[in-house]
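K.L.:
Give the three-dimensional model of this entry:
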Amino acid sequence: MSTPLPTIPRYAIEEEVGSGGMSVVYRARDTTLGREVAVKVLHRHLASRERERARFRREAQAIAKLRHPNILEIHDFSSEESGEAFIVSEFIRGPTLRAFGDEVGFGLPEIGAMVGERIAAALAHAHAQGVIHRDIKPENVMVQDDGTIKLTDFGIARLLESDERMTMTGTLLGSPAHMAPETLEGRGADTRSDVFSLGTVLYWLCCGTLPFHGGSPAEVLRRIGSGRYEDPRAVDPRVGDELAGIIRRALALDPQARYPDAGALQADLAAYLTSVGLEHVDAELRAFFQEPDAYKEALTERLLTHWLERGEAAAQRGELHRAVAAADRVLALRPGHPAAEALLGRIRRRRGLRRAAAGLAVAAAVGTVLVVVTRQDGARPVATPGPAGGRTPVAAAAAPPATAAATPGAARMHRDTKGE
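P.N.:
Below is the predicted model:
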């Protein structure tokens, strides 16, 4: 037997679209404005507590002040006299981020970084208004059918007292895999706790797996408490050093070592994306969510071109370590790429010539020192080969020692390594 739909004045409840340990979400119609809305109704065992209803109302009022394209918009909420405790919001047609990731996937770390940047932008707006989310996870992010990312479910975790942070199934409220260590220790949540939770989502977006996982919730919590997780570059070699550094800072065990708020995290993500030619994130994500496979293929080609051009430019400037790093990014995207392999081959040859030239210079310097020491010891002068194959007395060796350019082959090495 199906559960009867609630009755709420002004809103015609049409169907249940989701439920959790704290509330049920319905699709409904606003009979006054004639628009489709979502109505989230708090479970009655929570709504019956006066203090919880008051807190729920305060949270709804705070969230209603948030106006951001990536935050679910709140239209209405229950009054103190209402029989139900509810929040009315815009209705999002589309899957949760979790459902999309499981069914389609993101494919490239840069796509994950763009999604993470939009979540961070939404969270930064909330932090600037003094609102802490406290339950950042993929299930609380929606993907609208036009590709817009929407952050949902602000502040719901505050509804329960600290000794009631267990759901009816006996697990911690929300997903343990996304909780900040200080929250697990009962120290409360602040902006940096949200940053940590977003860091776990960013890791998942870029690597395809969560940073903290285990055979049981207890094992997951132990891993979070110890700060142990696999380097994102080891999980997916396509994650570069800069992006990995952003993820690591967000996941720092010590809150003081993290980004102070989501705004700082969003700024670093935006800077990284701009550096790889992805400054128009909203437009990029619209294209991705419209045709995921085609977009992933096209973006891969763009990134290959980007990193090859950066590698060639770095090699021309003599910045061989940067050139190698860029070539490695290409090979991570497409193993065996001929242009990247050719670039690495040229770099290896240049490094070999550099080492050979350095060896000749060291040998010449050592020879000069030995000759000088021999003279100071009063030994008989010894003739050395002259430029024309004759004999030159040691006494005349005060001239500069021979360099790597003294032979045609060495001269070529000198020219090849010049400017490195």
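K.L.:
Could you use CA atoms for every contact and neighbour count after this?
P.N.:
OK.
K.L.:
any idea where the helices of the stretch 101-250 of the chain begin and end?
P.N.:
109-128, 181-184, 191-207, 217-226, 232-235, 241-250 (DSSP state H, counting those that start in this stretch).
K.L.:
got those helices as JSON lines, with distance to Asp282, mean pLDDT and mean neighbour count columns?
P.N.:
What follows is these, written out as JSON lines (distance: least, Cα to Cα, whole Å; pLDDT from 0 to 100; neighbours: other Cα atoms under 10 Å):
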{"stretch": "helix 109-128", "distance to Asp282": "8", "mean pLDDT": "97", "mean neighbour count": "24"}
{"stretch": "helix 181-184", "distance to Asp282": "32", "mean pLDDT": "90", "mean neighbour count": "18"}
{"stretch": "helix 191-207", "distance to Asp282": "17", "mean pLDDT": "97", "mean neighbour count": "27"}
{"stretch": "helix 217-226", "distance to Asp282": "32", "mean pLDDT": "91", "mean neighbour count": "17"}
{"stretch": "helix 232-235", "distance to Asp282": "25", "mean pLDDT": "97", "mean neighbour count": "16"}
{"stretch": "helix 241-250", "distance to Asp282": "19", "mean pLDDT": "98", "mean neighbour count": "19"}
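K.L.:
Now render these as CSV, adding distance to Val41.
P.N.:
As requested, the helices of the stretch 101-250 of the chain are arranged in CSV below (distance: least, Cα to Cα, whole Å):
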stretch, distance to Val41
helix 109-128, 23
helix 181-184, 26
helix 191-207, 25
helix 217-226, 28
helix 232-235, 39
helix 241-250, 33
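K.L.:
Out of the ones you listed, the one nearest His306 is which?
P.N.:
Each of those was checked against His306 via Cα to Cα, and the shortest separation belongs to helix 109-128, namely 12.9 Å.
K.L.:
Go over the secondary structure and confirm His68 is in a strand.
P.N.:
No - the assignment for His68 (DSSP: H, G, I helix; E, B strand; the rest coil) gives coil, which keeps it out of a strand.
K.L.:
OK, contacts around it?
P.N.:
122, 125 (Cα atoms under 8 Å, 6 or more residues apart in numbering).
K.L.:
So it versus Glu242, what's the distance?
P.N.:
Counting by Cα to Cα, to the nearest Å, the gap from His68 to Glu242 is 28 Å.
K.L.:
Quick check: which ranges of this structure have low pLDDT?
P.N.:
1-2, 155-174, 353-420 (pLDDT under 70).
K.L.:
Just give the number of residues close to Arg27.
P.N.:
22 (other Cα atoms under 10 Å).
K.L.:
From the structure, what's the count of residues near the nearest residue to it once chain neighbours are set aside?
P.N.:
The shortest distance from Arg27 to any residue other than its chain neighbours is 4.8 Å, reached at Ala38 (Cα to Cα, 6 or more residues apart in numbering). Number of residues near Ala38 (other Cα under 10 Å) recorded here: 25.
K.L.:
Repeat that for the one 10 residues further on.
P.N.:
Neighbour count for Ser48, taken as other Cα under 10 Å: 14.
K.L.:
tell me the contacts of Val143?
P.N.:
For Val143, the contact set (Cα under 8 Å, 6+ apart) comprises 92-97, 100, 149-150.
K.L.:
Out of the helices of the stretch 101-250 of the chain, flag the one nearest Arg51.
P.N.:
Comparing these against Arg51 with Cα to Cα, the closest turns out to be helix 181-184 (22.1 Å).
K.L.:
quick revisit: is it correct that the residue nearest to Arg27 is in contact with Val25?
P.N.:
Yes - contact criterion Cα atoms under 8 Å: Ala38 and Val25 qualify, at 6.7 Å.
K.L.:
Now for those two: what residues contact both?
P.N.:
Both Ala38 and Val25 lack any common contacting residue under the criterion Cα under 8 Å, 6+ apart.
K.L.:
Would you map out the domains in this structure?
P.N.:
In the domain annotation for the chain, the residue ranges read 11-90, 97-290, 344-417 (automatic domain parsing).
K.L.:
For those, give me TSV that also has distance to Ala332.
P.N.:
Output for the domains of the chain, formatted as TSV (distance: least, Cα to Cα, whole Å):
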stretch	distance to Ala332
domain 11-90	32
domain 97-290	5
domain 344-417	14
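K.L.:
Can you show me the strands along the stretch 251-400 of the chain?
P.N.:
With strands called from DSSP state E, counting those that start in this stretch, the stretch 251-400 of the chain shows them at 384-385, 391-392.
K.L.:
how about the nearest residue to Asp261 once chain neighbours are set aside, what does it touch?
P.N.:
Setting aside the residues directly before and after it, Asp261 is nearest to Thr191 in space (Cα to Cα, 6+ apart), at 5.1 Å. Taking Cα under 8 Å, 6+ apart as the criterion, Thr191 is in contact with 127, 132, 260-262.
K.L.:
do the same with Asp268
P.N.:
Taking Cα under 8 Å, 6+ apart as the contact definition, Asp268 lies against Ile246.
K.L.:
go on, the one 5 residues further on?
P.N.:
When contacts are counted by Cα under 8 Å, 6+ apart, Leu273 touches 110, 113-114, 279.
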